[in-house]
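Participant: dropping the sequence and predicted coords here.
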Amino acid sequence: QLQLVESGGGLVQPGGSLRLSCAASGFTLDNYAIGWFRQAPGKERERVSCISSSGGLTNYADSVKGRATISRDNAKNTVYLQMNSLKPEDTAVYYCAAVRTVSSVCLIRPLAYNYWGQGTQVTVSS
């Protein structure tokens, strides 16, 4: 069974940091582009970042640019999202998603992805 599991969320004070992980089971991520998305209560799901299968291409939403770093360790079958200088507006459920790609691309639209994790809650509050 193909599964993505996010972890690393929690409660953090403004200005703090978190590293989110997205671990795959039942398949290897080598040929998959990965995206991170988030959804706050009452809001639509929005993209945060994406990374190509090779790791050579990355993309960030303007709202997190300069504060987020996406990376992948294919040997560990895991993708990471490091978030620094967290703000209250970063509070949301964070999801990772995967799609098999034939070329090294970074996909920014949620509809492009066909495997999703259950999400991990990130709350930024003092």
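Facilitator: Looks like it arrived, so ask away.
Participant: all strands of the chain, in order?
Facilitator: Ranges of strands within the chain are 3-7, 10-12, 18-25, 32-39, 46-51, 58-60, 68-73, 78-83, 92-100, 115-116, 120-124, based on DSSP state E.
Participant: tell me the centre residue of this structure?
Facilitator: Trp36 (2.5 Å; C-alpha atoms, centre = their mean).
Participant: please name the bridge partners of the residue lying closest to Ala112 once chain neighbours are set aside.
Facilitator: Closest residue to Ala112 apart from its sequence neighbours, by C-beta to C-beta, 6 or more residues apart in numbering: Val99 at 5.7 Å. C-beta coordinates here come from the backbone N, C-alpha and C atoms, glycine included. Assessed by DSSP bridges, Val99 has beta-bridge partners Ala33.
Participant: ok, Val99 to Phe27 distance?
Facilitator: Val99 sits 12 Å away from Phe27, going by C-beta to C-beta, to the nearest Å.
Participant: just to revisit the earlier point, now the strands of the chain in TSV, with distance to Cys106 and mean pLDDT?
Facilitator: Below are the strands of the chain laid out as TSV (distance: least, C-beta to C-beta, whole Å; pLDDT from 0 to 100):
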stretch	distance to Cys106	mean pLDDT
strand 3-7	17	97
strand 10-12	27	98
strand 18-25	15	97
strand 32-39	6	97
strand 46-51	4	97
strand 58-60	5	96
strand 68-73	9	97
strand 78-83	12	98
strand 92-100	11	97
strand 115-116	16	96
strand 120-124	21	98
